[in-house]
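In: Sequence isn't available, so here's the structure alone:
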């Protein structure tokens, strides 16, 4: 039997189908055109974004909401360079992403051809790994490898660059072989000796803290975390990327520590005698100046990425392994032991009561974001997927929203990419058409990728967007107020702000506006009852509100600024 | 600060040198020398990286994350055979010719090309030996000098 000849483009589409990819996000163009031809006939759903950055964040939102691979397609040159931001974002937040880019014909590479960019070189530092295809027959094997690398170990983005002549090259389908990656063997199972050492430290600790992050969510080990924390009464702080890994509202949950963390979470780490750090990387937004971070604590640090262990803080017990296996190992090793943490938990409970998060919403005053968030959460019955931009609103959401499940909080934590929220929400809603997906964004962020609202309308993706409109780059303004003598250089957006309601309507969405306390319930109810179209709310909020608590960059977590009054002592 | 020598086994794939050097530079690490060449195993190359870093553990871990990097061994300087290659072109004239060649012979440099007004020497040895030879030749007028990266192998005691 002669084997059917098919093109490289068909191999890509067929490979994606074999890899169980059901949705891709992208923008076509010259070099990638051959791939779009068979894609048209495939059951794979293609969402046409308005900008490749948007397509990339959509794929990230899809991946973060599902815990599975997100796929984005772009053309050569500008298509690929526009993808660099989402790739770097996915690398920082360990999001499994596959990017397929067209490239100029292999015969033209290096000649400065039309729409040529050195995509493999440009994306090298923004991906976990990347490939340039040199023969169509490699495609099934490379895509299988790419998915494996993107989704295994510490997840991350992988890019596959395919020249146009390779897309048109005819070859036969060759079933991919089993993977042979001699240099890539993630360690999943922790060393039992290390687990025993960790258990010994935990047993003798009086003030342990479970300091957990995105690694718990990636390894789908929130249940094991819950078992460990509740069986042995160990308080938990969840980092920005780990929100939802342990349920807010539980008496052991201290929520987010760090620069804008709540007082108790940040201080609990400072006062702790043992940090049980799992799936975290001691980011500077958590530690502030590491020399003053948890000075009296021993550290157990477990991560799937060996390079994270000891990078910032020396660990007395380093554990390389998957968070799930580590947690299971610890639960087993601690069996029968009784931790004496009651007085520690009581201290923390008192601290929570004495230093709560607060905001000041006046009846006739401008709206405050924390108030609006609380009202919105009160009105939502189901567990919403909340997708944030970057800045003040992001911190307020992380502080004030109650997250009780993993994969319900999507944000750009590591890279801090403004413009992430709207497209990522589209990606999440694509994965879960029936879930409530909220893009809670700032007006500065929104203007960076707002064209994707058209994508949502066109593709019938009924996301709900709330633009917290303070007419400013709010966090920049806050820093200028504190550190630059209120010199508001280039942070004001107010002189020419779009009419967001009209903008929404012009893009096929429902546009609503709220400006005062009386509006909030009514407008949110209208938003939540609209499910046939995307909805956007222009939520006009106080431009002078500031996020507290705050630890200035490079400061000590022992010196937390709690409010405006504390600022005077700076 | 003392030198650290890393022997890095990599897959012989396009771009692997760029990946390694980009990882080193993007993490803000400096290297004294980097050389790469094939090994006796097909599809495998060996890189020798010499650095003066305290943070060599971080470098090793970051390099290990590269998919094409198979194994990294830090060589113990006490038990390492290390060599480097040099080609040096030096001016000569009737007056200096004898002296130059004598000095080269004493340094165990090999003359590979001699013209009317120049001589080219080849030498392998430790960095120290090569530095010494360069110093010896300097007064005669070095026209050009090329040094290859340092390579190293662990001795069996």
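Out: Happy to help now that I have it. The model shown is predicted, which means the values in this text are computed figures rather than measured ones.
In: Can you pull the residues of chain A lying near chain B?
Out: Residues of chain A found near chain B, taking CB under 8 Å from any CB of the partner chain as the criterion, are A:120-121, A:124-125, A:128-129, A:132, A:149, A:181-184, A:305-307, A:310-311. Placement of C-beta: from N, CA and C, glycine included.
In: Check the secondary structure at the closest residue to chain B within chain A for me.
Out: At 3.7 Å from chain B, residue A:307 is the closest residue in chain A, using CB to the nearest CB. Of the three states, residue A:307 takes helix according to DSSP: H, G, I helix; E, B strand; the rest coil.
In: and chain B, what are its domains?
Out: For chain B, the structural domains run B:4-75, B:81-154, going by automatic domain parsing.
In: Quick check: which of those is nearest to chain A?
Out: If we rank these by CB to the nearest CB, the stretch that ends up nearest is domain B:4-75, at 3.7 Å.
In: ok, the longest strand seen in chain B: who's next to it in the sheet?
Out: Secondary structure of chain B per DSSP state E: the longest strand is strand B:80-91. Strand B:80-91 has the following strand partners under DSSP bridges: strand B:118-125 (antiparallel), strand B:142-147 (antiparallel), strand B:151-154 (antiparallel).
In: Please list the members of the residues of chain A next to chain B that lie in helices.
Out: When DSSP state H is applied, the residues of chain A next to chain B are split such that A:120-121, A:149 fall in helices.
In: And the longest strand of chain B, what's buried?
Out: Neighbour counts over strand B:80-91 (16 or more other CB atoms under 10 Å in any protein chain shown) mark B:82-90 as buried.
In: could you measure the nearest residue to residue A:71 once chain neighbours are set aside against residue A:84, distance?
Out: The shortest distance from residue A:71 to any residue other than its chain neighbours is 4.4 Å, reached at residue A:24 (CB to CB, 6 or more residues apart in numbering or on different chains). As defined by CB to CB, to the nearest Å, residue A:24 lies at a distance of 19 Å from residue A:84.
In: Who has more neighbours out of the two?
Out: Per other CB atoms under 10 Å in any protein chain shown, whichever of residue A:24 and residue A:84 has more neighbours is residue A:24, with 24 against 21.
In: my guess is that one is in a strand, correct?
Out: Yes - counting by three-state DSSP, residue A:24 falls inside a strand.
In: sorry, back to before: could you give the bridge partners of the residue nearest to residue A:71?
Out: residue A:46.
In: likewise residue A:367?
Out: For residue A:367, the beta-bridge partners under DSSP bridges are residue A:541.
In: I'd say it and residue A:542 touch.
Out: Yes - with contact defined as CB atoms under 8 Å, residue A:367 and residue A:542 form a contacting pair (6.6 Å).
In: on that earlier part again, now tabulate the strands paired with strand B:80-91 in TSV and tack on mean pLDDT.
Out: Putting those into TSV (pLDDT from 0 to 100) gives the following:
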stretch	mean pLDDT
strand B:118-125	97
strand B:142-147	97
strand B:151-154	93
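In: which ones are touching the nearest residue to residue B:80 once chain neighbours are set aside?
Out: For residue B:80, ignoring the flanking residues on the chain, the nearest one in space by CB to CB, 6+ apart is residue B:152 at 5.0 Å. The neighbourhood of residue B:152, defined by CB atoms under 8 Å, 6 or more residues apart in numbering or on different chains, consists of B:5, B:7, B:48, B:50, B:75, B:80-83.
In: Kindly state the beta-bridge partners for residue B:152.
Out: In this structure, residue B:152 has beta-bridge partners residue B:82, where bridges are defined by DSSP bridges.
In: swap in residue B:9?
Out: Using DSSP bridges, the bridge partners assigned to residue B:9 are residue B:46, residue B:71.
In: Straight-line length of stretch A:431-441, end to end?
Out: Here the two ends of stretch A:431-441 are set 20 Å apart, with distance taken as CA to CA, to the nearest Å.
In: buried sites along that stretch?
Out: Under the neighbour-count criterion of 16+ other CB under 10 Å, stretch A:431-441 has A:431, A:436-441 buried.
In: Equivalent analysis for stretch A:173-191, please.
Out: Counting neighbours by 16+ other CB under 10 Å, the buried set in stretch A:173-191 is A:173, A:176, A:183-184, A:188, A:190.
In: Give me the buried entries from the ones in helices among the residues of chain A next to chain B.
Out: In these, burial by neighbour count holds for A:120, A:149, counting by 16+ other CB under 10 Å.
In: So what are the structural domains in chain A, by residue number?
Out: According to automatic domain parsing, chain A comprises the domains A:5-172, A:192-354, A:369-548.
In: Identify the residues contacting residue A:100.
Out: A:12, A:32, A:35, A:71-74, A:159-160, A:162.
In: who does the helix or strand hosting it pair up with?
Out: Secondary structure assignment for residue A:100, by DSSP states H and E: strand A:97-103. Counting by DSSP bridges, the strands paired with strand A:97-103 are strand A:70-74 (parallel), strand A:157-163 (parallel).
In: Let me know how buried residue A:490 is, in neighbour terms.
Out: In terms of burial, residue A:490 registers 8 neighbours under the definition other CB under 10 Å.
In: Would you agree it falls within a helix?
Out: No - Residue A:490 sits outside any helix when classified using three-state DSSP, being coil.
In: lowest-confidence helix or strand of chain A?
Out: The element with the least model confidence among the helices and strands of chain A, by mean pLDDT, DSSP states H and E, is helix A:564-567, at a mean of 89.
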